[in-house]
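Here is a sequence together with a model predicted from it:
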Amino acid sequence: MSISVRNITKQFGSQKALDGISFEIGGSEVVGFLGPNGAGKSTMMKILTCFLPPTSGDASVCGFDIREASMDVRRNVGYLPEHNPLYTDLYVREYLEFVAGLHKMKNVSARVKEMIGMVGLEREQHKQIGALSKGYRQRVGLAQAMIHDPKVLILDEPTSGLDPNQLEEIRGLIKHIGEARTVMLSTHIMQEVEAICSRVIIIDKGRIVADDNAKHLRGMGDKRQAILVEFDGTTTGEELLALPGVEAVDRGSGNTWTITFPEDQDIRPAVFQFAVDKGLKVLTLQRSERDLEDVFKELTRR
């Protein structure tokens with residue numbers, strides 16, 4: 001097992017950041033570690049990378065205990081923290097050579113060249129890090145996390161600050177990396193999780209509230225369905241709520257509404273009849289698919 005966490009608790013004074021968390025992550029798996037701000041995600045990641053000791057509980061990475069074999073854990077883990085710490089006065093290639101030297105790697109120049117190509121830093125490699133955009137700084141952070149070829153990669157908000165094209169490239173890179181090693185990543189972008197993660201762990205108030213694949217998670221929780229309907233004229237939420245079976249309405253742009261109702265009912269005939277009675281035309285009517293963001297909101301709603 002690449003990562004094993006058993007009843008980890010972390011206390012900061014009177015505040016309990018983690019409350020008896022347990023989970024295991026096997027090899028060749030990309031796991032999304034999700035939660036609202038302050039849920040304990042970064043704390044858990046810092047414990048696994050030996051930056052913070054737990055108050056109680058045990059954890060191991062690649063079979064090495066985080067308390068008794070922290071140096072072995074560090075050798076097997078690549079870590080990109082939320083606030084990417086870089087030496088901004090160094091040049092990109094110079095910095096990566098420095099990091100490779102810390103890991104006592106052989107063939108430093110070849111490995112640095114490989115990493116620069118892997119994360120797309122060829123055109124920026126001769127620039128000072130301080131002159132790079134935030135997106136390219138993230139790429140440098142990813143390169144330093146992977147340069148020693150770790151078995152486990154822990155990434156805290158790895159795509160922060162990237163533009164849409166960079167997002168696609170880095171997501172593809174992370175997914176490719178996950179084919180050969182364990183990747184644990186934290187993000188607030190649900191589309192990112194659905195695109196690259198084989199499994200999702202959701203944490204709230206220091207406790208795990210869900211642990212499953214994205215498809216199964218979308219099917220849990222709220223047992224209701226919704227339709228998206230657009231009329232050619234105006235109506236009100238009160239009028240739509242008065243329709244039999246309607247439990248909630250939410251207005252979108254223009255004359256578009258999302259109507260929520262029990263999963264064992266079909267209110268489409270009532271919506272069409274409503275439009276006829278009001279002298280309206282239905283321009284669009286389609287099922288509103290439940291996504292991971294909906295599940296996340298329900299599980300972490302405070």
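Sure thing, it's come through. Numbers count the residues shown, from 1 in each chain.

Do you know the pLDDT at the most centrally placed residue in the chain?
The geometric centre of the chain, computed from its C-alpha atoms, lies nearest to Thr187 (CA atoms, centre = their mean), at 2.9 Å. Per-residue pLDDT puts Thr187 at 86.

Quick check: it vs Lys41, distance?
From Thr187 across to Lys41, the span is 10 Å (CB to CB, to the nearest Å). Where you see a C-beta, it was placed from the backbone N, CA and C, and this is true even at glycine.

Identify the contacts common to the two.
Residues touching both Thr187 and Lys41 by CB atoms under 8 Å, 6 or more residues apart in numbering: Leu34.

how near is the closest residue to Asn213 other than its chain neighbours to Val73?
In space, Asn213 comes closest to Arg199 once its chain neighbours are excluded; the distance is 5.5 Å by CB to CB, 6 or more residues apart in numbering. Taken as CB to CB, the spacing of Arg199 relative to Val73 amounts to 22 Å.

on that earlier part again, the residue nearest to Asn213 against Glu29, yeah?
Yes - with contact taken as CB atoms under 8 Å, Arg199 and Glu29 are classed as touching, separated by 6.4 Å.

Looking at these two now, which is surrounded by more residues?
Arg199 (20 against 17; other CB atoms under 10 Å).

which residues in the stretch 201-302 of the chain form helices?
Along the stretch 201-302 of the chain, the stretches classed as helices by DSSP state H, counting those that start in this stretch are 214-218, 237-241, 268-278, 292-300.

Now distance to Glu169 too, for the ones you listed, in TSV please.
Output for those, formatted as TSV (distance: least, CB to CB, whole Å):
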stretch	distance to Glu169
helix 214-218	22
helix 237-241	42
helix 268-278	42
helix 292-300	22
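
Which of the three states applies to Asp72?
Secondary structure of Asp72, reduced to three states by DSSP: H, G, I helix; E, B strand; the rest coil: helix.

Ends of stretch 213-226, what's the gap?
23 Å (CA to CA, to the nearest Å).

likewise stretch 174-188?
Start to finish, the residues bounding stretch 174-188 are 16 Å apart (CA to CA).

which helices and strands does the helix or strand of the chain with the lowest mean pLDDT pack with?
When each helix and strand of the chain is scored by mean pLDDT, DSSP states H and E, helix 214-218 comes last, with a mean of 75. Secondary structure elements in contact with helix 214-218, counted by 3 or more CB pairs under 8 Å, 6 or more residues apart in numbering; DSSP states H and E, are strand 199-204, helix 292-300.

And the contacts of that helix?
Outside helix 214-218, the residues within contact range by CB under 8 Å, 6+ apart are Val193, Glu194, Cys197, Val200, Ile202, Ala210, Arg290, Asp291, Leu292, Asp294, Val295.

try it again with 6 Å
When contacts are defined by CB atoms under 6 Å, 6 or more residues apart in numbering, helix 214-218 is touched by residues Glu194, Val200, Ala210, Arg290, Leu292, Val295.
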